[in-house]
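>>> sequence and predicted structure below; questions after.
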Amino acid sequence: MNGDSRVLRNVFWLGCATGGSLITSLIYGLLAARHLGPADFGRFSLIVGIGALMSNLAQGAGSSVLTILAAQRFRSAGALMLPGILSQALVGTTCLALSVPLVLILGGDSALFAPCVIYCMGSVSVLIYSAPIAIFRGLNVMHWSIAQPIAGLLTVLGVWVVVERGATLSDIVAASALSQVAVLFVVLIFSVRIVPSASRWRIPRVVISEILPRTMGLSGVTVFQAFHWKLGIVMVQLLGGSYALGIYAAGAKPIENLRTIPLVFLLSIFPSVSQMVAEDPKSLQRATVAVTRIVLVFVLPTVGALLALSPTLIKLLYGSAFANASAVFSLSLLAVVPATMHLIFIMPLVANHEIKKLSLLYSAAILLETAIDLAFYSKFGLPAAVAGSIAAALVTAILADGLAFPGASVLRDRRIVKLLAAEAVSLTIPFTGILENHRGLLCVVTFLAFLVAACILKSFTFHELRNWRSVRWSGAPSADLLAVVDVEP
């Protein structure tokens, strides 16, 4: 199989895994929100958010390192199995155990203990079965990545059943944990037969000595990056309580899912970016501009259309009890564009293992968002929290651009500026308040306004969409990017 076919096949399976996870995660949250109401959904979001944060801290760059080592040690990849599983299990249990007192302190309710412990059990299961799946990726057995969306589908079915019977918060969390445990057993059983090694259950010292040093660097970045994504949940809970967090989470959750959609495309080109960093750095900036323009031409009109439809979408998804979440959703959409651009700009930094620069980038975003929340939440409420997340997204995009391309900023490229100007023109239409009672028509007008402005400014031609085919594919593992891009289960 040639390089193009292999990469396209891998992109297909990663796309199925990512898309399936996004859909099942969204449905899971919708079922929980509609049944629990804003206050209990806030408690649910606190448990899930803190649990996801600690899971990311526990996993660190472990999965990425296992993928890379499996690809390099193809014939003896089975020797990674037991060290990988044990490291994920031990570190995961330790980190997730810390999430229990953290949730109790933030939530101020001892009744959260039981659901939090149950959620931790499910999260540890995810961490354990992510080890063999990471090894499979290194062996180019990508279809095992669909284990996560299968677990998500089981979760949705389980939650639907318990909700029909009048579920409590603990019941909903237990449905998710049981599905993850079930998938864990299936993955472990079949991985014994697939991984090519008779020594799969041994712990070679040389393997451990390779896993730990390679993991530590990107794990440090993951700590900052994971806390950056979950900071809003922590600050809203501290400053506003469970009800405010429920409204905030309802508006922000679709945004979390939306920001990961470009990830599949970015994963597919990351091997080429890695090669350019090493072999042709002079062309890297030009290639990044082309990639950014291609991504933006899809993301920008999507943001405008969703902004026009935001009240209708929130009511349709969550019901009238979450009507206030439409404002959170509308404002949060403004963070999608800089957050997406930041994912593009960090690729050269990740490929070149610029650990200090990545840590600086996320530290600055965390400090800025925290300062905005502390300074303005008491006066403006949830809009201040959303403003903090927007400012943090802008900082990550600007700093990533400056650190990756100090001599030739991508954001200053006139073609990128013209695209952003076209988006600014189209976004003024929903914010003017016209056509509020005709959201479908407003969506169409906003979308067309972007296309007209883009054509007038000559910011893009559809002929340029073919440029992605000129990217030189390689079989190199793309897992480094996964180490610093959060795809929440």
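Alright, I've got the coordinates. Numbers count the residues shown, from 1 in each chain.

>>> which parts of stretch 330-350 are buried?
330-350 (16 or more other C-beta atoms under 10 Å). All C-beta atoms are positioned from the backbone trio N, CA, C, and that covers glycine.

>>> of those, which belong to helices?
Judged by DSSP state H, those include 330-332, 336-350 as members of helices.

>>> give me the nearest residue to residue 227, chain neighbours excluded.
In space, and not counting its chain neighbours, residue 227 is closest to residue 366: 6.1 Å by C-beta to C-beta, 6 or more residues apart in numbering.

>>> hey, which helix is longest across this structure?
Max-length helix for the chain by DSSP H is helix 3-59.

>>> okay, and the helix or strand of this structure with the least pLDDT?
Least confident helix or strand of the chain, by mean pLDDT, DSSP states H and E, is helix 479-482 with a mean of 38.

>>> how about the helices in the stretch 151-300 of the chain?
For the stretch 151-300 of the chain, the helices defined by DSSP state H, counting those that start in this stretch occupy 169-194, 205-259, 263-279, 284-318.

>>> residue 152: which of those helices is closest?
helix 169-194 (7.7 Å; C-beta to C-beta).

>>> buried residues in that closest one?
169-181, 183-184, 187, 191.

>>> for the record, mean pLDDT for that helix?
In this model, helix 169-194 has a mean pLDDT of 84.

>>> again with stretch 15-27
80.

>>> check stretch 400-410 too.
For stretch 400-410, the mean pLDDT works out to 85.

>>> buried ones in that stretch?
400-401, 403-405, 410.

>>> show me these that map onto helices.
400-401, 403-404.

>>> let me know the closest of those to residue 390.
Proximity of those to residue 390 (C-beta to C-beta) peaks at residue 400, which lies at 15.9 Å.

>>> ok, the closest one to residue 362 distance?
Using C-beta to C-beta, to the nearest Å, we find residue 400 at a distance of 10 Å from residue 362.

>>> now swap in residue 28 and tell me
27 Å.

>>> and residue 363, how many neighbours?
Residues near residue 363, counting by other C-beta atoms under 10 Å, number 14.

>>> show me the contacts for it.
residue 224 (C-beta atoms under 8 Å, 6 or more residues apart in numbering).

>>> how about residue 37?
Neighbours of residue 37 in contact, by C-beta under 8 Å, 6+ apart: 246, 321.

>>> model confidence for it, exactly?
88.

>>> then residue 115?
The per-residue pLDDT reported for residue 115 equals 91.

>>> can you say which helix or strand has it in it?
Assigning secondary structure by DSSP states H and E places residue 115 in helix 113-138.

>>> mind giving me the packing neighbours of that helix?
Judged by 3 or more C-beta pairs under 8 Å, 6 or more residues apart in numbering; DSSP states H and E, the packing partners of helix 113-138 are helix 3-59, helix 62-72, helix 81-107, helix 147-164, helix 169-194, helix 479-482.
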